[in-house]
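Novice: can't give you the sequence, but here's the structure:
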Ligand SMILES: NC(=O)CC[C@H](N)C(=O)O
């Protein structure tokens, strides 16, 4: 396994030259585009790593999976979908247009920015700080790390320049999807996106989903199988935004990307995989990471379809 992962990293490094690091969050433009790493965490807890798997990056939209888990645990599914649906989109992750023209003002799904921002507000907690803590604690439980840190520079950078997200949130407040203080809510969203992780962390998180809510390293159940099933279904149809259809064909696993360059992929009842490569394609998905997963899926027969 180790030799295979190392071989794959070597063979796929060239793809990092074709993508570009995100620049719309200025601090992310400082990332090294040539990084490429992979981690695997199997259902029995064994782990394998290769390439730049220890390089830290910000979790960005992969945090949306954790927020979605919490919001599903805290709300009845039928009620939740009155506010946030589970429909895929052919638009970008920060698209505004659907909120006005489709789906009765509801965000299409929790894997895009509008849906994640609206989800945070629906997580249990008296205050926004309590809601943030609840999501952070779930992330700590899933990664097995109590010491997750916000990358302060990325957080400040996004907070300063996050006007598109501000627009989404204020629009959703105007239509009643969001109630309460918008800036506080955005602050929690920006913080969650700025948490620093490695490939290993997201592989371990994915392994929990692979095991239907059971954390193989900690040996305890974090959430129920029904929740895991909904999350994996929505990851499969929406996790790579408007690239989700192509990802389903190329890779064939529930996946979730972030503009920090990470992609987490779930091989059900088998393993969690975390890849990172900050050079992105035009839709904001790691190009090298995608190609790595495509090859791994073929080599290890991981395509669920
Ligand atoms: N696709 C992403 O990873 C987007 C997350 C980023 N923090 C944003 O809101 O724009």
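Specialist: Yep, that arrived. Note that the structure is predicted; figures quoted are calculated from it, not measured. Numbers count the residues shown, from 1 in each chain.
Novice: What separation do you get for the spatially closest residue to residue 58 that is not a sequence neighbour and the ligand?
Specialist: Excluding the flanking residues, the one nearest residue 58 by C-beta to C-beta, 6 or more residues apart in numbering is residue 260, at 4.0 Å. From N, CA and C alone the C-beta is placed, and that goes for glycine too. Going from residue 260 to the ligand by C-beta to the nearest ligand atom, to the nearest Å gives 7 Å.
Novice: Contacts only, for residue 260.
Specialist: Taking C-beta atoms under 8 Å, 6 or more residues apart in numbering, we find residue 260 in contact with 22, 28, 31, 57, 58, 59, 60, 154, 276, 278.
Novice: Then residue 117?
Specialist: Going by C-beta under 8 Å, 6+ apart, residue 117 touches 107, 165, 168, 169, 172, 178, 185, 186, 189.
Novice: What average pLDDT does stretch 70-80 get?
Specialist: For stretch 70-80, mean pLDDT rounds to 97.
Novice: Please list which of the contacts of residue 117 also come close to the ligand.
Specialist: Filtering the contacts of residue 117 for proximity to the ligand by C-beta under 6 Å from any ligand atom leaves residue 165.
Novice: Mind checking which of the contacts of residue 117 land in helices?
Specialist: Counting by DSSP state H, these place 165, 168, 169, 172, 185, 186, 189 in helices.
Novice: Export the residues you listed as a markdown table, with columns for neighbour count.
Specialist: Listed next are these as a markdown table, based on neighbours: other C-beta atoms under 10 Å:
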| residue | neighbour count |
| --- | --- |
| 165 | 21 |
| 168 | 28 |
| 169 | 24 |
| 172 | 24 |
| 185 | 23 |
| 186 | 21 |
| 189 | 28 |
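Novice: all strands for the stretch 201-305 of the chain, in order.
Specialist: Secondary structure of the stretch 201-305 of the chain (DSSP state E, counting those that start in this stretch): strands at 214-215, 220-221, 255-257, 262-267, 271-276.
Novice: and those strands, which is most packed in?
Specialist: Per-stretch averages of neighbours, counted by mean count of other C-beta atoms under 10 Å, single out strand 255-257 among the strands of the stretch 201-305 of the chain, with a mean of 31.
Novice: Direction included, what does it pair against?
Specialist: Take DSSP bridges as the rule and strand 255-257 pairs in its sheet with strand 262-267 (antiparallel).
Novice: Tell me which residues are up against the strand it pairs with.
Specialist: Residues outside strand 262-267 that contact it (C-beta under 8 Å, 6+ apart): 57, 59-60, 62, 65, 197, 199, 202-203, 205-206, 209-210, 232, 235, 240, 251, 253-257, 272-276, 285-286, 289-290, 293, 300, 302, 304.
Novice: Kindly recompute the last result at 6 Å.
Specialist: Applying C-beta atoms under 6 Å, 6 or more residues apart in numbering, the contact partners of strand 262-267 are 57, 62, 202, 206, 209-210, 232, 253-257, 272-276, 286, 289, 293, 302.
Novice: same deal with stretch 161-173?
Specialist: 94, 99, 113, 114, 117, 118, 178, 182, 186.
Novice: Please repeat the previous calculation with a cut-off of 10 Å.
Specialist: Outside stretch 161-173, the residues that touch it by C-beta atoms under 10 Å, 6 or more residues apart in numbering are 24-27, 83, 92, 94-96, 99-100, 105-107, 112-118, 120-121, 158-159, 177-183, 185-187, 189-190, 193.
Novice: Please apply the same query to stretch 10-22.
Specialist: Outside stretch 10-22, the residues within contact range by C-beta under 10 Å, 6+ apart are 28-36, 38, 50-52, 58, 60, 258-261, 275, 277-282, 284-296.
Novice: 7 Å - rerun?
Specialist: Stretch 10-22 has contacts (C-beta atoms under 7 Å, 6 or more residues apart in numbering) with 28-29, 31, 33-34, 36, 259, 277-281, 284, 287-288, 291-292, 295.
Novice: ok, now stretch 290-301?
Specialist: 4, 8, 12, 15, 38, 250-253, 263, 265, 273, 275, 302-303.
Novice: Then stretch 237-254?
Specialist: For stretch 237-254, using C-beta under 7 Å, 6+ apart, the contacting residues are 88-93, 109, 111-112, 232, 235-236, 255-257, 265-267, 283-285, 293-294, 297, 302-305.
Novice: This completes my enquiry, with thanks.
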